[in-house]
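K.L.:
3D, please:
(one chain, ligands or ions: 1)
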Amino acid sequence: MATITLPGLIDPHVHLRDPGQTHKEDFFTGTSAALAGGFTTILDMPNNAEPITTLARLERKIESAKKQVVCDIGFHFGTLGDNFDEFHKVIDKVKGLKIYLNVTTGGFIIDKEKLVDIYKAWPESKPILLHAEEDVSELVESVLRAVAKRSHLCHISSRTELEFIMRAKDAGLPITCGVTPHHLFLTDDDAERLGPYGYMKPFLKSKKDQQFLWDHFDYIDIVESDHAPHTKAEKDSDNPPFGVPGLETTLPLMLTAEAEGRLTRQDLLDKLHHRSAEIFDIKTDESTSIEVEMSEYKIKNSDLLTKAGWSPFAGRHVIGKVQKITVRDETVFKSGQVLAQPGSGRILQ
Ligand SMILES: [Zn+2]
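P.N.:
Residues are numbered from 1 along each chain as shown. Next up, the predicted model:
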């Protein structure tokens, strides 16, 4: 069976739930899922049960991660517009600042008027990440024109949103964007079939919106999983939370799309490695790589390492199973088994 070797992949957008909601995922299970999916570096979002908006909370999170992680991990900081004094204390310990402009898990959202103040207060050296769906794109554009700081728009999902990115990029604004595998490979037709298991923010969009993303793939910098694990019990409840796991399915979905001629190997490497390394200043070298067996298999919930234990892509036939991962010349994953010791991953500063 043919095997390919790729650089260790980078996912700059995951929610590992630790500390605070470790019944959904923790740093060990989340980074194990990352390795199983070919990711050797991930960046974790700040909307924990207690949002990571102070140095003290960030340090507690890092302490928890240090004992458990089996791949490299970095952190984004959070803000509700009232913690500017913390910015200079954490700037060397984080990879970016995440701002929520739409309601999402935990209702972690800022007062829109504070956006310009936040942009002025955040140091220039690290990018700002935005959860900003189409209803707030005008606001984002006006802020970017006033304060031109590097901004990454997360999980672009619709034609309107990508058209905004295209205009902003063509106008020279310092903007990048990511799309999720669920928006590339699922539509609102699937949402009906999946019920709460297809419930996420932004919502799944129409086939037309999805086609627009594929037709303008060059404008997309990163494919980011937005790995957002919840338990089956939570998803089956009367009030299911937003979000789906994605770390273990992103690479095979992309390799399958490559086999179907929808993207090139270079596209895949750019969107799962190179652009994230550039945007978030992540050092990589040839001592870290992944080996992927290019055989077809069916995604099964029972094979997943995420504590959530399910995938919206269960049942789908894909190509590309990670067989072996080498990090800094050490074998850390082989034949479905995590070999790395908990705590052996690095904390990125
Ligand atoms: Zn997210």
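K.L.:
which ones are touching Ile227?
P.N.:
Just so we're on the same page, residue 227 is His rather than Ile. Asp11, His13, Val14, His15, Leu16, Gly30, Ala33, Ile42, Pro245, Gly246, Leu247, Thr306 (C-beta atoms under 8 Å, 6 or more residues apart in numbering). Using the backbone N, CA and C atoms, a C-beta is placed for each residue, glycine as well.
K.L.:
Pull the number of nearby residues for the third one.
P.N.:
Which is Val14. For Val14, the count of nearby residues is 27 (other C-beta atoms under 10 Å).
K.L.:
Dihedrals phi and psi, it?
P.N.:
As for Val14, its main-chain torsions (degrees, to the nearest 10) stand at phi -130, psi 160.
K.L.:
Isn't it up against Pro46?
P.N.:
No - look at Val14 against Pro46 with C-beta atoms under 8 Å: they stay out of range, at 11.6 Å.
K.L.:
Look up how far Thr79 lies from Asp85.
P.N.:
As judged by C-beta to C-beta, to the nearest Å, Asp85 and Thr79 stand 11 Å apart.
K.L.:
neighbour-wise, which of these two wins?
P.N.:
The neighbour comparison of Asp85 against Thr79 (other C-beta under 10 Å) goes to Thr79, with 25 against 10.
K.L.:
Flag the shaky bits of the stretch 101-250 of the chain, pLDDT-wise.
P.N.:
Scanning the stretch 101-250 of the chain for pLDDT under 70 picks out 102-112.
K.L.:
got a list of what Cys259 touches?
P.N.:
No Cys there; residue 259 is Ala. Counting by C-beta under 8 Å, 6+ apart, Ala259 has contacts Ile319.
K.L.:
That one and Phe203, how far apart?
P.N.:
From Ala259 to Phe203 the distance is 28 Å (C-beta to C-beta).
K.L.:
Which secondary structure state is assigned to the closest residue to Gly78 other than its chain neighbours?
P.N.:
Spatial nearest neighbour of Gly78, excluding adjacent residues (C-beta to C-beta, 6 or more residues apart in numbering): Pro46 at 3.2 Å. Following DSSP: H, G, I helix; E, B strand; the rest coil, the label given to Pro46 is coil.
K.L.:
How about Phe333?
P.N.:
Three-state assignment for Phe333 (three-state DSSP): strand.
K.L.:
And the pLDDT at it?
P.N.:
Phe333 carries a pLDDT value of 98.
K.L.:
just Arg328 next, same as before
P.N.:
97.
K.L.:
State the distance from it to Glu286.
P.N.:
Distance from Arg328 to Glu286, by C-beta to C-beta: 10 Å.
K.L.:
More neighbours: which of these two?
P.N.:
Legend: neighbour count by other C-beta under 10 Å for Arg328 and Glu286, higher for Arg328 (13 against 9).
K.L.:
looking at it, Lys95 is touching Phe280, isn't it?
P.N.:
Yes - counting by C-beta under 8 Å, Lys95 does reach Phe280; the two are 4.9 Å apart.
K.L.:
So which elements touch the longest helix anywhere in the chain?
P.N.:
Determined from DSSP state H, the single longest helix within the chain is helix 55-68. Under the contact criterion of 3 or more C-beta pairs under 8 Å, 6 or more residues apart in numbering; DSSP states H and E, helix 55-68 touches helix 27-36, strand 72-78, helix 84-90.
K.L.:
just those: most buried one?
P.N.:
helix 27-36 (a mean of 28; mean count of other C-beta atoms under 10 Å).
K.L.:
Can you show me the CA trace of that helix as PDB?
P.N.:
Taking Å, rounded to 0.1, in the frame of the first residue of the first chain, the C-alpha atoms of helix 27-36 are listed here in PDB:
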ATOM      1  CA  PHE A  27      -5.300  18.000  27.100                       C
ATOM      2  CA  PHE A  28      -4.300  14.300  26.800                       C
ATOM      3  CA  THR A  29      -7.300  13.100  24.800                       C
ATOM      4  CA  GLY A  30      -7.400  16.200  22.700                       C
ATOM      5  CA  THR A  31      -3.700  16.100  21.700                       C
ATOM      6  CA  SER A  32      -4.000  12.300  21.200                       C
ATOM      7  CA  ALA A  33      -6.800  13.000  18.700                       C
ATOM      8  CA  ALA A  34      -4.500  15.600  17.100                       C
ATOM      9  CA  LEU A  35      -1.800  13.000  16.600                       C
ATOM     10  CA  ALA A  36      -4.300  10.500  15.200                       C
END
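K.L.:
which residues sit against that helix?
P.N.:
Applying C-beta under 8 Å, 6+ apart, the contact partners of helix 27-36 are 11, 14, 16-18, 25, 40, 42, 44, 64-65, 67-71, 73, 227, 229, 245, 247-248, 304-307, 322, 325, 332-333, 336, 338, 340, 342, 345.
K.L.:
now the angle from it to strand 72-78?
P.N.:
120 degrees (axes from the mean of the first three to the mean of the last three C-alpha atoms, to 10 degrees).
K.L.:
For this structure, just list every one of the strands.
P.N.:
With DSSP state E as the criterion, the chain has strands at 3-7, 9-14, 39-44, 72-78, 96-100, 128-131, 151-153, 175-179, 222-223, 289-298, 317-327, 330-334, 337-338.
K.L.:
The fifth one: partners in the sheet, and parallel or antiparallel?
P.N.:
Strand 96-100 sits in its sheet next to strand 72-78 (parallel), strand 128-131 (parallel), going by DSSP bridges.
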